[in-house]
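J.: coordinates only, no sequence provided:
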């Protein structure tokens with residue numbers, strides 16, 4: 001056990017780690033968390049470098065986070081953005097469409113949210129609502145769904161041709177892990193706002209979600225806008241590896257001097273065609 005004298009000698013994470021190791025007890029979870037925080041800080045430093053390069057060179061970067069409810073999208077976006085300059089970064093999490101938006105071309109409300117020159121935009125769900133959530137929950141009809149599936153590859157190809165960098169993440173979570181996270185949210189008054197009737201139905205309609213998810217991958221995964229699957233049953237691991245994937249896509253100044261691995265673990269991060277037998 002640690003006593004008050006031990007804590008008085010701890011000034012940083014390195015001191016705590018050294019003390020835990022000296023005690024010779026099983027503090028593996030604490031050591032894992034310390035290593036996670038160390039890796040996260042170093043990766044966030046690289047994100048700051050990347051953002052500076054994006055702003056200087058007027059790149060446009062859109063990072064899309066999709067996945068079942070409680071897969072960890074919001075928490076990962078928080079780790080991406082918490083140290084970035086808000087002047088050249090935005091998080092987009094749109095509410096359900098208004099009556100006016102329902103009468104417009106589906107993509108219109110997303111077009112105005114696309115990144116400006118020199119900006120990174122993180123989409124906490126995106127136009128792909130119409131590929132999975134809307135048909136599962138009956139929020140669109142069959143004609144609207146089929147029209148979207150025909151148009152989305154063309155839409156993304158136009159963005160690609162215009163120089164927009166699109167990174168599409170699917171956060172893959174297991175059914176049992178989703179239940180556990182839902183229960184955690186119910187018990188935590190700071191997270192109860194995250195639960196909704198749609199979330200609850202996600203468990204009931206798991207197989208239907210799976211069907212539409214697989215249709216989405218089959219029809220919208222391509223060379224210019226591929227789907228990248230992140231295994232998210234371990235939250236912290238998923239956060240680190242998704243940051244690594246984004247860093248790996250760009251050659252920015254200072255990358256070669258990074259004091260951290262910037263290539264993702266292929267056992268955690270994989271393109272759709274590689275993950276086809278591992279999808280959740």
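T.: Cool, the structure landed. Quick caveat: nothing in here was measured; it's all calculated off a predicted structure.
J.: could you use CA atoms for every contact and neighbour count after this?
T.: Will do.
J.: measure residue 40 to residue 34 for me?
T.: If you measure residue 40 against residue 34 using Cα to Cα, to the nearest Å, the figure is 10 Å.
J.: how about residue 256?
T.: Plainly put, residue 256 is 25 Å away from residue 34 if you go by Cα to Cα.
J.: neighbour count winner among these two?
T.: More crowded of residue 256 and residue 34, by other Cα atoms under 10 Å: residue 34, with 16 against 10.
J.: quick one, what contacts the residue lying closest to residue 191 once chain neighbours are set aside?
T.: Nearest residue to residue 191, sequence neighbours excluded (Cα to Cα, 6 or more residues apart in numbering): residue 185, at 5.1 Å. By Cα atoms under 8 Å, 6 or more residues apart in numbering, the contact set of residue 185 is 191-192, 194-195.
J.: ok so residue 185 is a helix residue?
T.: Yes. Secondary structure assignment (DSSP: H, G, I helix; E, B strand; the rest coil) places residue 185 inside a helix.
J.: distance of it relative to residue 193?
T.: For residue 185 relative to residue 193 (Cα to Cα), the value is 8 Å.
J.: got it, and residue 66?
T.: Per Cα to Cα, residue 66 is found 19 Å from residue 193.
J.: would you map the strands across the chain?
T.: Counting by DSSP state E, the chain has strands at residues 60-67, 89-92, 119-124, 164-172, 227-231, 269-271.
J.: select, out of those, the one closest to residue 27.
T.: Residue 27 lies closest, by Cα to Cα, to one member of those: strand 227-231, at 25.5 Å.
J.: direction included, what does the closest one pair against?
T.: Applying DSSP bridges, strand 227-231 is found paired with strand 164-172 (parallel), strand 269-271 (antiparallel).
J.: export the ones you listed to CSV and append columns for mean neighbour count.
T.: Supplementary listing: the strands paired with strand 227-231 in CSV, determined by neighbours: other Cα atoms under 10 Å:
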stretch, mean neighbour count
strand 164-172, 22
strand 269-271, 20
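J.: residue 135: which of those is closest?
T.: Taking Cα to Cα as the criterion, residue 135 comes closest to strand 164-172 out of these, the separation being 17.7 Å.
J.: contacts for the closest one, please.
T.: 59-68, 71-73, 115, 159-160, 225-233, 246, 279-280.
J.: quick check: mean pLDDT of it?
T.: pLDDT averaged over strand 164-172 equals 98, rounded to a whole number.
J.: now swap in stretch 217-227 and tell me
T.: Taken as a whole, stretch 217-227 has a mean pLDDT of 96.
J.: repeat that for stretch 272-279.
T.: Stretch 272-279 comes out at a mean pLDDT of 56.
J.: quick one: terminal-to-terminal distance for stretch 186-194?
T.: Across stretch 186-194, the terminal residues are separated by 9 Å (Cα to Cα).
J.: so how far is it from its chain's centroid?
T.: 20 Å (Cα atoms, centre = their mean, to the nearest Å).
J.: out of the strands of the chain, which gets nearest to residue 19?
T.: Nearest to residue 19 among these is strand 227-231; the distance by Cα to Cα comes to 32.8 Å.
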